[in-house]
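> Build the 3D model from these lines:
(one chain, ligands or ions: 2)
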Amino acid sequence: MLNTLRKIVQEVNSAKDLKTALGIIVLRVKEAMGSQVCSVYLLDPETNRFVLMATEGLNKRSIGKVSMAPNEGLVGLVGTREEPLNLENAADHPRYRYFAETGEEKFASFLGAPIIHHRRVVGVLVIQQKERRQFDEGEEAFLVTMSAQLAGVIAHAEATGSIRGLGRQGKGIQEARFVGVPGSPGAAVGRAVVMLPPADLEVVPDKTVDDIDAELKLFQNALEGVREDMRKLSAKLATQLRPEERALFDVYLMMLEDAALGGEVIEVIKTGQWAQGALRQVVGEHVNRFELMDDDYLRERASDVKDLGRRLLAYLQEARAQSLVYADNTILVSEELTPAMLGEVPEGKLVGLVSVLGSGNSHVAILARAMGIPTVMGLVDLPYSKVDGIEMIVDGYKGEVFTNPSEVLRKQYSEVVEEERQLAQGLDALRELPCVTPDGHRMPLWVNTGLLADVARAQQRGAEGVGLYRTEVPFMIQQRFPSEKEQLAIYREQLASFHPLPVTMRTLDIGGDKALSYFPIKEENPFLGWRGIRVTLDHPEIFLVQTRAMLKASEGLNNLRILLPMISGIHELEEALHLIHRAWGEVRDEGTDVPMPPVGVMVEIPAAVYQTKELARQVDFLSVGSNDLTQYLLAVDRNNPRVADLYDYLHPAVLQALNTVVRDAHGEGKPVSICGEMAGDPAAAILLMAMGFDSLSMNATNLPKVKWMLRQVNMSKAKELLVEALSHDNPQVIHSSLQLALKNLGLARMIGPGANKTL
Ligand code: PEP
Ligand code: MG
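Ligands and ions are numbered 1, 2, ... in the order given. Below you'll find the predicted structure:
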């Protein structure tokens, strides 16, 4: 059964459009279940009716014509109850409604299962049989499993249809809305440019071209290149392989012939598809055919075709490498955006970012916030390979993307973009003003940095210090560990640019989702694995080089503070302190005259919350990493879009933990700051100020917004809001009561467009 299921899903997945996908579903499910009818009804969101979209067994002429409201018929009942319905004789059921045009009167038994995607009913899958009989448990379970697996495929095919005009019958290209999670606030209207990781055939987008001859030529050159490589490879292995083994290369060469794969790709290019897209399509069809075969040997051949496809693609991409065209308002789209990709778009052309994978807490989103680029992450339903060149709207506040927007929507969003520009100008004027509440509470606002670009931005925005310098960022853009001297130069630049303001340098925090290409860490559960201080304590040579570089870099400036990430207990802190003292002794022995800098500990693991007092006694300051603390307290992966709606730093458990940390740190007479993304949320910042945090550290983009907000709210009012927030047990209630209170204070400006996701 499992095998049948897998095969059907695979076949449906490779269908070129929704109609074909549904056709395959009804045919294969009917076969697999030995029923006489299988039909799919999809809910049309515009009319709110379940429409018969495909059938095997009923009259095909009724496809697209027969439909029913949710309160009509058995299909409507399955859809509204969101449960399967298994009837021996459908006609006996009070909700039975008979549609003459389908010819279904012949069929007595009925089994229907809802098709649900992300909690939303998208349709109903039905099988019917002539004889009266109750479908057995196994059949019911199969249909339910089938429909659960198909829900995503159908949603995907529907979305593709709306984008490329291959959707429901008779409907062309339409505006479509995709929901992800907010990555970086702001709105953008622009054109999508799909960026691919090198030579990944599966993600090549469709693209129509005018100059077909040029594409054909590109493809011929690629063919020639691969042929030549194969011949060379075969010759090179002549001494190691027997002639029959080398025959594999002949098979490859044959596959490239005009009469085989090569010829098929050429035919597709002639229809106007670009060479890379044609290659993906043809290779995909061949691979699917092979993978569906029962014979192990033939199934294995799929990987040969894939390999050949990748080789051809590498040639095609090489030829194209220089020719990616970025419009003035580029919205960069990728399956998984990487920091390196951001750097590829020429300055001033990038207006928005869209990533299928990742969430608002991924590091690329953190960079986007630092750069002030509206971003939506986790758009798992976006058929991203189909969107190249189309118009798109990115709503980084709500975490939504619209493709092919209507005139009305485009106008609406263009106005938001313009409003934002004006708002930003207004906020610039705040730069020289202190962050002080109307009743006189002074709240220092610091910045988080990593890239060099952050330095200038932070200074423009009036930062009062660096609360978190993520040293892994310069490590991530290198090809090997930077030497002590190289690190010294990088750190010196940070310290000197902000001098005399303090700069808090965090020791290397790799692992989790922060990988160094030259130090790969492969783990089943990386966020609970070898991360942060655990790595550097196991590699004292890395830790010592880094802290020595920091200390030397601070000579004569003395504005360095050292921060330790991912501390889960006193033993780790003691070991790290011991190493820092050792490094300090060494650099002083070498003649560098530096005082011992303040050392702090990050509170980002629940264990540290409960040991705040003990940790505080041994350090000079504490800094809460609310990104990880929220992740670990709520057991919600900060990068997983499926659970992104559960990730909430206004959850009562998080608020209580933060309150405890401040109380306990102050109890030991130690200052405590917060440097997670929460601090950059203007509404959340009010609560943090009320808790008593000594400074808030955030991305430079949000700093003026937070300053604007705190300059309007009295500390006494902030305290009232905190008492109220802490009294609620439900995160939603906390969000809405905070929102209401700010609206009543006339502060809606910063919680409409321009604010973070909190409200
Ligand atoms: C945090 O966890 O809140 C934090 C500031 O560190 P990072 O986001 O770099 O893990
Ligand atoms: Mg962290």
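
> And for the closest residue to ligand 1 within the stretch 51-200 of the chain, nearest residue in space, chain neighbours not counted?
Using Cβ to the nearest ligand atom, the closest approach of the stretch 51-200 of the chain to ligand 1 is made by residue 183 at 13.7 Å. In short, each C-beta sits where N, CA and C put it, glycine included. With Cβ to Cβ, 6 or more residues apart in numbering as the criterion, residue 183 has its nearest non-adjacent residue at 3.3 Å, and that residue is residue 375.

> The stretch 551-700 of the chain against ligand 1: which residues are in contact?
604, 625, 626, 627, 628, 675, 676 (Cβ under 6 Å from any ligand atom).

> tell me which helix or strand of this protein sits lowest on mean pLDDT?
One helix or strand of the chain scores below all others by mean pLDDT, DSSP states H and E: helix 339-342, with a mean of 68.

> Strand partners (parallel or antiparallel) of the following helix or strand past it?
Downstream of helix 339-342, the next assigned helix or strand under DSSP states H and E is strand 350-355. Its sheet considered, strand 350-355 pairs with strand 330-334 (parallel), strand 375-377 (parallel) by DSSP bridges.

> Not counting the last one itself, show me its contacts.
With Cβ atoms under 8 Å, 6 or more residues apart in numbering as the contact definition, strand 375-377 has outside contacts at 180-184, 186, 352-355, 357-360, 362, 364-365, 368-369, 394-396, 399-401, 641, 644.

> Quick check: next helix or strand after that strand?
Using DSSP H and E, the first helix or strand after strand 375-377 is strand 391-395.

> tell me the angle of that following strand relative to strand 350-355?
80 degrees (axes from the mean of the first three to the mean of the last three Cα atoms, to 10 degrees).

> wait, what's in contact with the closest residue to residue 500 other than its chain neighbours?
Nearest residue to residue 500, sequence neighbours excluded (Cβ to Cβ, 6+ apart): residue 559, at 5.8 Å. With contact set as Cβ under 8 Å, 6+ apart, residue 559 has these partners: 495, 498, 499, 500, 501, 502, 503.

> check which helix or strand covers the fifth one.
Using DSSP H and E, residue 501 maps to neither a helix nor a strand.

> Give me the neighbour count for the closest residue in space to it that isn't next to it in sequence.
In space, and not counting its chain neighbours, residue 501 is closest to residue 465: 4.5 Å by Cβ to Cβ, 6+ apart. By other Cβ atoms under 10 Å, the residues close to residue 465 number 20.

> for ligand 2, what are the nearby residues on the stretch 551-700 of the chain?
Within the stretch 551-700 of the chain, the positions lying close to ligand 2 (Cβ under 5 Å from the ion) are 604, 625, 628.

> these two touch, right, the second one and residue 604?
This means residue 625. Yes. Residue 625 lies in contact with residue 604 (Cβ atoms under 8 Å); the separation is 3.3 Å.

> okay, and the common contacts of these two?
565, 676.

> to the chain's geometric centre, what's the distance from the longest helix along the chain?
When the chain is scanned for its longest helix (criterion: DSSP state H), the result is helix 137-164. Taking the mean of its C-alpha atoms, helix 137-164 sits 23 Å from the chain's own mean (Cα atoms, centre = their mean, to the nearest Å).

> Could you do stretch 312-332 as well?
Worked out by Cα atoms, centre = their mean, stretch 312-332 lies 22 Å from the chain centre.

> neighbouring contacts of that stretch?
Outside stretch 312-332, the residues that reach it (Cβ under 8 Å, 6+ apart) are 188-193, 195-196, 198-199, 201, 204, 218-219, 221-223, 225-226, 275-276, 279-280, 341-342, 344-346, 348-354, 392, 394.

> Pull out the buried positions in it.
312, 313, 314, 315, 316, 317, 319, 329, 330, 331, 332 (16 or more other Cβ atoms under 10 Å).

> now the end-to-end length of that stretch.
One end of stretch 312-332 sits 25 Å from the other (Cα to Cα, to the nearest Å).

> what's the model's confidence in that stretch, averaged?
Taken as a whole, stretch 312-332 has an average pLDDT of 81.

> Next: stretch 123-134.
Stretch 123-134 shows a mean pLDDT of 94.

> Please renumber the chain so that the first residue is 12 from this point on.
Understood, numbering begins at 12; the last thing we discussed is stretch 134-145.

> Format the CA atom coordinates belonging to that stretch as PDB.
Only the C-alpha atoms of stretch 134-145 are listed here, as PDB (Å, rounded to 0.1, in the frame of the first residue of the first chain):
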ATOM      1  CA  GLY A 134     -11.600  20.000  -1.500                       C
ATOM      2  CA  VAL A 135     -13.100  16.600  -1.100                       C
ATOM      3  CA  LEU A 136     -11.900  13.200  -2.500                       C
ATOM      4  CA  VAL A 137     -14.700  10.700  -3.200                       C
ATOM      5  CA  ILE A 138     -14.900   7.100  -4.200                       C
ATOM      6  CA  GLN A 139     -18.100   5.400  -5.100                       C
ATOM      7  CA  GLN A 140     -19.300   1.900  -5.900                       C
ATOM      8  CA  LYS A 141     -22.400   0.300  -7.400                       C
ATOM      9  CA  GLU A 142     -23.000  -2.400  -4.800                       C
ATOM     10  CA  ARG A 143     -24.200  -1.500  -1.300                       C
ATOM     11  CA  ARG A 144     -21.300  -2.000   1.000                       C
ATOM     12  CA  GLN A 145     -19.500  -0.300   3.800                       C
END
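
> Just the buried residues of that stretch, please?
Buried, per 16+ other Cβ under 10 Å, within stretch 134-145: 134, 135, 136, 137, 138, 139, 140.

> filter these down to the ones near ligand 1?
Counting by Cβ under 6 Å from any ligand atom, no member of the buried residues of stretch 134-145 is near ligand 1.

> what helix or strand does residue 520 sit in?
Per DSSP H and E, there is no helix or strand for residue 520.

> Tell me how many other residues crowd the closest residue to it other than its chain neighbours.
Once flanking residues are discounted, residue 520 sits nearest to residue 576: 4.0 Å by Cβ to Cβ, 6+ apart. Residue 576 has 28 neighbouring residues, counting by other Cβ under 10 Å.

> distance of residue 576 from residue 587?
10 Å (Cβ to Cβ, to the nearest Å).

> Mutual contacts of these two, please.
518, 544.

> Spit out the contact partners of residue 696.
690, 707, 717, 720, 721.

> ok, now how distant is it from residue 486?
Distance from residue 696 to residue 486, by Cβ to Cβ: 30 Å.

> Next: residue 205.
Applying Cβ to Cβ to residue 205 and residue 486 gives a distance of 29 Å.

> got it, and residue 429?
Taking Cβ to Cβ, one finds residue 429 at 39 Å from residue 486.

> Settle it for me: which of the two has more neighbours?
Comparing residue 429 with residue 486 by neighbour count (other Cβ under 10 Å), the higher total belongs to residue 486, at 22 against 11.

> The more buried one: which element?
helix 483-487.

> Tell me if I am right that residue 62 is in a helix.
No. Per DSSP: H, G, I helix; E, B strand; the rest coil, residue 62 lies outside any helix segment and is strand.

> For the residue nearest to it when sequence neighbours are not counted, list the residues it contacts.
Excluding the flanking residues, the one nearest residue 62 by Cβ to Cβ, 6+ apart is residue 78, at 4.3 Å. Residue 78 makes contact with 52, 55, 58, 60, 61, 62, 63, according to Cβ under 8 Å, 6+ apart.

> give me that answer again for 10 Å
Contacts for residue 78 (Cβ atoms under 10 Å, 6 or more residues apart in numbering) come out as 52-55, 58-64, 84, 86-87, 110.
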